[in-house]
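*Asks:* Sequence unavailable; structure follows:
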């Protein structure tokens, strides 16, 4: 259905692979799978290859069992929460030797890695999302996949295959998106291939002859621990990258890297003009990140240039910030979603590389933040609006113990405002770098004003919007149980009372429902971020509101109606943009 809607929105033909198979064989895809799944998969693969070989623009939908797609095709993986329940209820069993739950796990483990490798983006559809809303998001992501091609950010990004089997896909993607090219590392390709796109030959093993085997490469990259293997004699000059990957942020390591241009000028002068420095230390804390920031800022102030890539999942956002502020290089992994220690994949960079380069930065701080929809939401609104200064929005993992170090650094590197999520909404009130215009128990919005952050709480706006939606569905105000006592509680309570809901009873998640299980209330708000076990003994209610971003459990049977938190998050984000001085396209389809 989503594929059909996308095709209609974009005026393109739509093709369903299963429908093509049924029209050619006269049998349903399900029947063919039951009879001989391997034969069906071969037929499916041939038809997919045939359809994608036709250059006519079209929308193609494959079945969930398809895990092999041709390279060079823009691909979106659609993940719908609760698919397991649908499969158990509606899908014919293919592996009766497994329990139903075992078959679901088999589907996850055998298919999802294929999706991660092949897809460029993942459309995550949370419970309660309407088909129309999902189609609008799908349209947005599909447009971005087209608009990203040739963007300045991708033009200086090298695509890194996850392993040797990803090379064909990496070559096709680098060509399709107009990227700098493909990285060929000696530890993955000791006998380097010669791709038909520009490629970066990266020396990562003790092989003095590696660069001689890579004379067709567009650029060379040598790890500074392997300078003894830097044999460039007789090779034509091209860009040369010297890379440092130390396990610590020590000034001695940085000074050694930044001394190398003088060494190249003395020993290999023809290569000097094309020299680039890459510094990728393993950063273990915000104190170390602040120190690293001081080192490269002083170096750049004195006329030097260095591309800085702090290593560690916590610092992925810094790659985007530096993409716009000093890095001459970038690295992107094939596939989508985080994979091991590799560089972030295209889905992480995509919202930020389309459109004009950002000069102001906003973000969300908390732990976890990966499930936040804010980077896509705010970037989409910014691109559709008329902001004088291009801005982008980054997801920044942060523990409460590091709060002050974070808030000290971010204004120095261009951040103008922050959204605050769990578990920092209360802790931020006590930060030495935060003030407020009125007393607050907790807050979710920081605005940089005259060099320091002011704290506000727009969660109240979000809750009012959620209540308005429920009231329009015929849910009359009444008694409320608020499950969870986190930082969102004060704003939610204010909104409830302002709209005449009550009494409001707060329940600590650690205490459970207790005697309240026997109650019957108008509304239960789950602000616990739990695993769904809170549903088991929950009271009956007319409406249930779940305030987590994604991975929502199935609604409790005791609830007559259930709602996700998307209306809440959209309204509070629009209120945040007003505080940040950013415009909002009120007619944007995401709103």
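*Replies:* Thanks, I have the structure now. Because the structure is a prediction, the values reported are computed rather than measured.
*Asks:* In terms of pLDDT, where does residue 90 sit?
*Replies:* As predicted, residue 90 sits at a pLDDT of 64.
*Asks:* swap in residue 530?
*Replies:* We have a pLDDT of 78 for residue 530.
*Asks:* Confirm for me that it is in contact with residue 508.
*Replies:* No. Counting by Cβ atoms under 8 Å, residue 508 is not a contact partner of residue 530; they are 11.8 Å apart. Any C-beta I mention is one placed from the backbone N, CA and C, and that applies to glycine too.
*Asks:* which of those two has more neighbours?
*Replies:* For residue 530 versus residue 508, the count of surrounding residues by other Cβ atoms under 10 Å is larger for residue 530: 15 against 11.
*Asks:* quick one: which helix or strand includes the more buried one?
*Replies:* Counting by DSSP states H and E, there is no helix or strand that carries residue 530.
*Asks:* which residues touch the residue lying closest to it once chain neighbours are set aside?
*Replies:* Nearest residue to residue 530, sequence neighbours excluded (Cβ to Cβ, 6 or more residues apart in numbering): residue 509, at 6.1 Å. Shown in contact with residue 509 (Cβ atoms under 8 Å, 6 or more residues apart in numbering): 483, 484, 485, 528, 530, 534.
*Asks:* Give the full set of residues in contact with the closest residue to residue 265 other than its chain neighbours.
*Replies:* Nearest residue to residue 265, sequence neighbours excluded (Cβ to Cβ, 6+ apart): residue 272, at 4.6 Å. Shown in contact with residue 272 (Cβ under 8 Å, 6+ apart): 261, 264, 265.
*Asks:* I'd like to know which of the residues you listed is nearest to residue 496.
*Replies:* Of all the contacts of residue 272, residue 261 has the smallest distance to residue 496: 62.1 Å, by Cβ to Cβ.
*Asks:* My guess is that closest one contacts residue 275. True?
*Replies:* Yes. Contact criterion Cβ under 8 Å: residue 261 and residue 275 qualify, at 5.7 Å.
*Asks:* okay, and the common contacts of residue 530 and residue 508?
*Replies:* Both residue 530 and residue 508 are contacted by residue 484, under the criterion Cβ under 8 Å, 6+ apart.
*Asks:* quick one, what contacts the residue nearest the centre of the chain?
*Replies:* In the chain, the residue lying closest to the centroid (Cα atoms, centre = their mean) is residue 348, at 4.2 Å. Contact analysis of residue 348 by Cβ under 8 Å, 6+ apart lists 316, 320, 338.
*Asks:* How about the secondary structure of the first one?
*Replies:* Translated: residue 316. For residue 316, the assignment made with DSSP: H, G, I helix; E, B strand; the rest coil gives helix.
*Asks:* how far away is the residue nearest to it when sequence neighbours are not counted from residue 184?
*Replies:* Once flanking residues are discounted, residue 316 sits nearest to residue 344: 5.0 Å by Cβ to Cβ, 6+ apart. Distance of residue 344 to residue 184, given as Cβ to Cβ, to the nearest Å: 20 Å.
*Asks:* And residue 97, which helix or strand is it part of?
*Replies:* Using DSSP H and E, residue 97 maps to neither a helix nor a strand.
*Asks:* And the average pLDDT for stretch 68-84 is what?
*Replies:* Average pLDDT, stretch 68-84: 89.
*Asks:* Buried residues of it, list them for me.
*Replies:* Applying a neighbour-count criterion of 16 or more other Cβ atoms under 10 Å, one finds 69, 70, 71, 73, 74, 75, 76, 77, 78, 81, 83, 84 buried in stretch 68-84.
*Asks:* In strands, which of those fall?
*Replies:* Those of those mapping onto strands are 76, 77, 78, per DSSP state E.
*Asks:* Tell me how far the residue nearest to the last one when sequence neighbours are not counted lies from residue 181.
*Replies:* Spelled out, that is residue 78. Closest residue in space to residue 78, ignoring its immediate chain neighbours: residue 123 at 4.9 Å, by Cβ to Cβ, 6+ apart. Here residue 123 is placed at a distance of 28 Å from residue 181 (Cβ to Cβ).
*Asks:* quick one on the thing from earlier: show only the entries of the contacts of residue 509 found in strands.
*Replies:* Taking DSSP E, the ones among the contacts of residue 509 that sit in strands are residue 483.
*Asks:* just the buried members of the contacts of residue 509?
*Replies:* The neighbour count (16+ other Cβ under 10 Å) marks 483, 484, 485, 528, 534 as buried among the contacts of residue 509.
*Asks:* need those in a markdown table with distance to residue 18, can you?
*Replies:* Shown next, in a markdown table, are the buried ones among the contacts of residue 509 (distance: Cβ to Cβ, whole Å):
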| residue | distance to residue 18 |
| --- | --- |
| 483 | 42 |
| 484 | 43 |
| 485 | 48 |
| 528 | 40 |
| 534 | 39 |
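*Asks:* which residue sits closest to residue 58 in space, ignoring its chain neighbours?
*Replies:* residue 13 (4.5 Å).
*Asks:* Can you name the residues that contact the one you found?
*Replies:* Residue 13 neighbours (Cβ under 8 Å, 6+ apart): 7, 56, 58, 59.
*Asks:* Okay, it and residue 573: tell me how far apart.
*Replies:* Residue 13 sits at a distance of 36 Å from residue 573 (criterion: Cβ to Cβ).
*Asks:* From what I see, residue 251 and residue 296 are in contact.
*Replies:* No. Counting by Cβ under 8 Å, residue 251 does not reach residue 296; the two are 11.3 Å apart.
*Asks:* Who has more neighbours out of these two?
*Replies:* Set residue 251 next to residue 296 and count neighbours by other Cβ under 10 Å: residue 296 wins out with 20 against 11.
*Asks:* Which of the three states applies to that one?
*Replies:* Under three-state DSSP, residue 296 comes out as helix.
*Asks:* Ok, the one 4 residues further on next?
*Replies:* Put simply, residue 300 is helix when judged by three-state DSSP.
*Asks:* so it touches residue 294, yeah?
*Replies:* No. Contact criterion Cβ under 8 Å: residue 300 and residue 294 do not qualify, at 11.0 Å.
*Asks:* Which residues outside the lowest-mean-pLDDT helix or strand in the chain are in contact with it?
*Replies:* Lowest on mean pLDDT, DSSP states H and E among the helices and strands of the chain sits helix 83-90, with a mean of 72. Helix 83-90 is contacted from outside by 64, 100, 104, 107, 554, using Cβ under 8 Å, 6+ apart.
*Asks:* hmm, 10 Å instead?
*Replies:* Here helix 83-90 makes contact (Cβ atoms under 10 Å, 6 or more residues apart in numbering) with 64, 80, 91, 93, 100-101, 103-105, 107-108, 125, 554.
*Asks:* No further queries at this time; thank you.
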